[in-house]
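> here is the input, now give the coordinates:
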Amino acid sequence: MIRKETIQNILDAAKIEEVVSDFVSLKRRGANYVGLCPFHNEKTPSFTVSPAKGFYYCFGCSKGGGAVDFIMTHEHLSYPDALKYLAEKYHIEIVDEVQTEEERQMQSELESLYNLVAYAQKHFTNNLYNTEEGLSVGMSYFNERGFNQTIIKKFQLGYSPAAWDNLTKKALENGYKIQYLEKTGLSIKKEDGTYYDRFRERVIFPVHNLTGRVIGFTARILTSDKNKPKYINSPESDIYNKGKTLYGIFFAKQALVSNDNCLLVEGNTDVISLFQSGIENVVASSGTSLTTEQIRLIKKFTNNITIIYDGDEAGQKASLRGTDMIIEEGMNVRIVILPQGEDPDSFARKTDAIQIKKFIKENSANFILFKTKLLLDEAKTDPIKRAELIKEIVRTISLIPEPIHRSVYIKECGDLMQISEQSLINELNKHLRKKLKKNISQSETHNEEELVPPETIEYKTEKQFLPDKDDLSSLERYLMWIILNFGDENMLVETNNDGVKEIISKKAILFISQILKKNKFYFHEKILQSIYDEYIHIMITTGHSDILHFINHKNLEFSKTVISILSRKYELSKYWEEKYKIYTPRHEDDDRNVLVNDISNTINSINLHLITKEISDIKNEIKKLQKENSENPEILILLEKLKERQSTRAEISKSLGRVIN
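Residues are numbered from 1 along each chain as shown. Predicted structure coming up:
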């Protein structure tokens, strides 16, 4: 766990414009920077970076946040990993909280495993480029596959020679421990106590995790020895879990987002060939059945998966396996069957990116409809097989979480299978009831309350800077805008003590909090009240406010709300006064009481809104009682209350310079 002091050092060092400019071309516009938003397609820049306030905001898609949030969103990293990314950028040493001896040992061991695997990758790559065997055997193979040097280096491909202990020997000479060689599976222990290399006389495909670190290897044999497996993989270890990673995910993640689709293939060479042809939104399951963890890994970047299979019948049958889990995760699945005799690797080597994309677009089929047609062809006119087909298709549809989507597929499948929609619905309800019973049973068994991370809530920015006087939400957010921008500022306030008037200096937040307390006011948006409470707590404990605390808040709802409130699409030009000699009062002008008046007017406007609503409710209640019983004594009480509220409303309206009918 990263220490709070270290986190603060990272936040202090990370300049939002420097962090964003690593990924977005920015141009200065006044006090801010603008550029094309990296999170949605646009031709006119609506993406704004504010160095003064330390956040970014897009007026097109409403995404916003601080430096940490930008890295989390753009690079799809967790909060700790984003902090580590920024720490590395600004050369800040990560200092963890005090750990137990066991925790320190575990962390040290993990780093040792990562370092060893990174060394092994460099060793294999060096063998490929700088040894006679590597060039004549390994490089020749890659050249035959059509891999160019750029792609070979990008994916850090390598070669392991025929020698029994080439890597083991070199690693030990360089100070790496044998126990870690054994734990990562790079070395295997023989009965006599000696060790030999797992990978020998094979080309090497390093496997990277989401942040780009090498965690394991896949190795392909180049001989036709039938007694040896064609591919072997690193075994499971503390840093490598095959069911939780996908080959190529590190290189594909940006393309997955920009294309909003993941092409899923089977082999490593499929990924590399497609990538080289210009198709970068592709990952591989590396010959294993899909796992829930792998599906959720893809879901971080897109909700759409297109599975590409070989053109033979076995490939089509294979397309039915593992996809139920994808559907159950609420993702959209499409199937593409390649021409007969082709696999993604061979197809990519003879086809350019434009043709591949066109083929995928024209030949991709929705998985459920694809499955229905495939099984219909198999069942033909056999009534028993058709009955089983119906049950199988409906079972798959029952896995879809969204009811509307289920109903659409029921209708389409009914048309395809020439069976009544009601019959399919009846069968569907059987599955749904069974699923419901199972969920109830599980919830009774596991009734522990689970903590769920906060959802990211995106708020649309206000169209105008000043609030709508008739919109309670707008007024409350405007008050919060004042608090966030000027709560820590000193302002001049007129006081009246025993008839003696004097002007004193007071922090704006103290002035605001006293008025709110006097009016027994609370924000009607719970998130605003939570932000206000935390703001007050910070002021009490530290003596000053910290907007960056909220911009980089771990609670994404806090961060998004604060940035939405702080963001202003238009700024008053400095030339307005210089050129046209027209002065516009600003909140910073203490001597003009601009801030004091704005605070008072905003709070009064909120109170006016609330009391007007209360008056309306009282009137409605009186009408209701009069209709039931015109002599009800409650009516007199309500009339007195109405008179008092109307008097209060008149006073507030007068202070605001408004006329109430």
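> confirm that Phe301 sits in a helix.
No. When DSSP: H, G, I helix; E, B strand; the rest coil is applied, Phe301 is found to be coil, with no helix at that position.
> if I look at it, how far off is Asp471?
Taking C-beta to C-beta, to the nearest Å as the measure, Phe301 falls 37 Å from Asp471. The C-beta positions use only the backbone N, C-alpha and C, and glycine is treated the same way.
> if you count what's nearby, which of these two comes out ahead?
Shown here are Phe301 and Asp471; by other C-beta atoms under 10 Å, Phe301 has more neighbours (23 against 14).
> quick one: that one and Asn259 touch, right?
No. Shown here, Phe301 and Asn259 do not form a contact pair, counting by C-beta atoms under 8 Å, at 9.5 Å.
> what do these two both touch?
Counting by C-beta atoms under 8 Å, 6 or more residues apart in numbering, no residue touches both Phe301 and Asn259.
> check contacts around Val257.
Taking C-beta under 8 Å, 6+ apart, one finds 39, 76, 301-302 in contact with Val257.
> what about it, distance to Ala387?
Look at Val257 and Ala387: by C-beta to C-beta, they are 43 Å apart.
> repeat that for Leu369.
As judged by C-beta to C-beta, Leu369 and Ala387 stand 19 Å apart.
> same question for Asp69.
From Asp69 across to Ala387, the span is 53 Å (C-beta to C-beta).
> of these two, who's got more company?
Between Asp69 and Ala387, Asp69 has the larger neighbour count (other C-beta under 10 Å), namely 24 against 12.
> can you tell me the element that one falls in?
Using DSSP states H and E, Asp69 sits within helix 67-75.
> quick one, helices of the stretch 401-550 of the chain?
Assigned by DSSP state H, counting those that start in this stretch, the helices in the stretch 401-550 of the chain fall at 403-417, 421-445, 472-486, 508-518, 526-542, 547-551.
> so can I have JSON lines of the ones you listed showing distance to Tyr129, mean neighbour count and mean pLDDT?
Output for the helices of the stretch 401-550 of the chain, formatted as JSON lines (distance: least, C-beta to C-beta, whole Å; neighbours: other C-beta atoms under 10 Å; pLDDT from 0 to 100):
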{"stretch": "helix 403-417", "distance to Tyr129": "51", "mean neighbour count": "16", "mean pLDDT": "85"}
{"stretch": "helix 421-445", "distance to Tyr129": "54", "mean neighbour count": "12", "mean pLDDT": "72"}
{"stretch": "helix 472-486", "distance to Tyr129": "56", "mean neighbour count": "20", "mean pLDDT": "83"}
{"stretch": "helix 508-518", "distance to Tyr129": "63", "mean neighbour count": "16", "mean pLDDT": "80"}
{"stretch": "helix 526-542", "distance to Tyr129": "56", "mean neighbour count": "15", "mean pLDDT": "82"}
{"stretch": "helix 547-551", "distance to Tyr129": "46", "mean neighbour count": "21", "mean pLDDT": "79"}
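> tell me which of those helices sits nearest to Ala162.
For these, proximity to Ala162 was assessed by C-beta to C-beta; helix 421-445 is nearest, at 52.8 Å.
> show me what contacts the nearest residue to Gly414 once chain neighbours are set aside?
Distances taken as C-beta to C-beta, 6 or more residues apart in numbering put Glu421 closest to Gly414, at 4.4 Å, once the chain neighbours are dropped. Shown in contact with Glu421 (C-beta under 8 Å, 6+ apart): 410-411, 414.
> past the host helix or strand of Gly216, which element shows up next along the chain?
Take DSSP H and E as the rule and Gly216 turns out to sit in strand 214-221. Once strand 214-221 ends, the next helix or strand along the chain (criterion: DSSP H and E) is strand 231-233.
> now do that following strand: distance to the chain's middle.
Relative to its chain's centre, strand 231-233 lies at 33 Å (C-alpha atoms, centre = their mean, to the nearest Å).
> what are the buried residues along that strand?
232-233 (16 or more other C-beta atoms under 10 Å).
> what lies in contact with it?
Identification of contacts with strand 231-233 by C-beta under 8 Å, 6+ apart yields 198-199, 202, 216-221, 242, 286-287.
> most neighbours, which of those?
Most surrounded of these: other C-beta under 10 Å gives Arg202, at 28 neighbours.
> can you tell me how far that one is from Ser160?
Distance from Arg202 to Ser160, by C-beta to C-beta: 5 Å.
> got any residues that touch both of these two?
Contacts common to Arg202 and Ser160, judged by C-beta under 8 Å, 6+ apart, are Ala219.
> Asp343 and Asp310 touch, don't they?
Yes. With contact defined as C-beta under 8 Å, Asp343 reaches Asp310; the gap is 4.9 Å.
> which of these two has more neighbours?
For Asp343 versus Asp310, neighbours defined as other C-beta under 10 Å are more numerous around Asp310 (23 against 20).
> in stretch 36-55, which residues are buried?
Under the neighbour-count criterion of 16+ other C-beta under 10 Å, stretch 36-55 has 36-39, 45-50, 53-55 buried.
> closest one of these to Thr561?
Phe55 (12.1 Å).
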